[in-house]
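Student: output the structure for:
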Amino acid sequence: MTVETLQVPTYRPFAVRVARVQRLSPSFLRITFTGDELAECAPNGWDQRIKVLLPIPGRGMADCPAGADWYGEWRALPEERRNPIRTYTVRDWRPGLREMDVDFVLHGATGPASAWAERVALGDEVALIAPNARFPGPTGGYEWHPPADASCLLVAGDETAVPAVCAIVESLPVGRRARIMLEVPTAGDVLPLAAPAGVEVTWLPRWPAGQSAIPRPGIGRSTLIRWSQPLGAHSASSSPVKVIRRKLGLSRWTRATRTANGR
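Tutor: Residues are numbered from 1 along each chain as shown. From the prediction side, this is the model:
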């Protein structure tokens, strides 16, 4: 490891503002962030995780850390002056335009991120903690490493996983066989998705509300098992994935045959 590697942070804060807001469905809102600092941002994976530091009512981003030790600076602040932090996935990244899309799941004022997204306005300022293009090595923050020899991929998750899974699906080459299962709150949350040939996408609206859609009679072990030899599984949601693991006996599988990112 070089002195340069030690001095350059893997992740750093990026000051951005809201450039566009698009309501995708009853539960999904796409916010496009922009800012000159994004010229030095470098997402590395289709499911790249970032952190969003949200404004504090009445204080905005006045106390938001901006240095390499941003987390230490944040922790040193009195609790009432700490900007709320939430983890999200980059949905799309346009480096030439210095724009980044992040899809938010709306569930009312039950948390700081959803509450902020419900009232977001153009020009609002936030900070993103994202990979630093100046860092000379891999930055991490992504989990999608499907086995090269898998005959078919199984990708499953709920609405919190939808942005990452959609980005992964769009990245798959034509002819790569995959079964995609996405659980969403309502039928109105089924989003347009450009899946290449060989990829089967199943959207599973929860009905009745609050109940998982994945363990329905039509999605049983007999349906899933034909996709499982060999198979790479990836998800960003734990409730439906646990069901699939139980049905397929994934607890017996090695890391070489599965990857999972359950929250």
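Student: domains in the chain, by residue range?
Tutor: Following automatic domain parsing, one finds the domains of the chain at 3-131, 152-257.
Student: okay, these in TSV with mean pLDDT and mean neighbour count next?
Tutor: All C-beta atoms are positioned from the backbone trio N, CA, C, and that covers glycine. Below are those laid out as TSV (pLDDT from 0 to 100; neighbours: other Cβ atoms under 10 Å):
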stretch	mean pLDDT	mean neighbour count
domain 3-131	94	17
domain 152-257	72	17
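Student: can you give me the helices for the stretch 51-200 of the chain?
Tutor: Taking DSSP state H, counting those that start in this stretch as the criterion, the stretch 51-200 of the chain contains helices spanning 70-76, 112-118, 162-171.
Student: closest one to W144 among the domains of the chain?
Tutor: W144 lies closest to domain 3-131 among the domains of the chain, at 4.7 Å (Cβ to Cβ).
Student: for this protein, what spans make up the strands?
Tutor: 11-23, 28-34, 49-53, 85-94, 99-105, 125-131, 152-157, 178-184, 199-205, 231-234 (DSSP state E).
Student: and those as CSV, adding distance to P78?
Tutor: Listed next are the strands of the chain as CSV, based on distance: least, Cβ to Cβ, whole Å:
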stretch, distance to P78
strand 11-23, 19
strand 28-34, 27
strand 49-53, 16
strand 85-94, 15
strand 99-105, 27
strand 125-131, 18
strand 152-157, 36
strand 178-184, 39
strand 199-205, 43
strand 231-234, 39
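Student: what's the closest of those to D69?
Tutor: Here strand 11-23 is closest among the strands of the chain (Cβ to Cβ), at 10.2 Å.
Student: pairing partners for the closest one, with directions?
Tutor: Strand 11-23 has the following strand partners under DSSP bridges: strand 28-34 (antiparallel), strand 125-131 (antiparallel).
Student: give me the angle between it and strand 49-53.
Tutor: Here the directions of strand 11-23 and strand 49-53 differ by 80 degrees (axes from the mean of the first three to the mean of the last three Cα atoms, to 10 degrees).
Student: hmm, who's touching strand 11-23?
Tutor: Strand 11-23 is contacted from outside by 29-35, 37-38, 40-41, 53, 61, 64-68, 70, 99-100, 120-132, 139, 141, using Cβ atoms under 8 Å, 6 or more residues apart in numbering.
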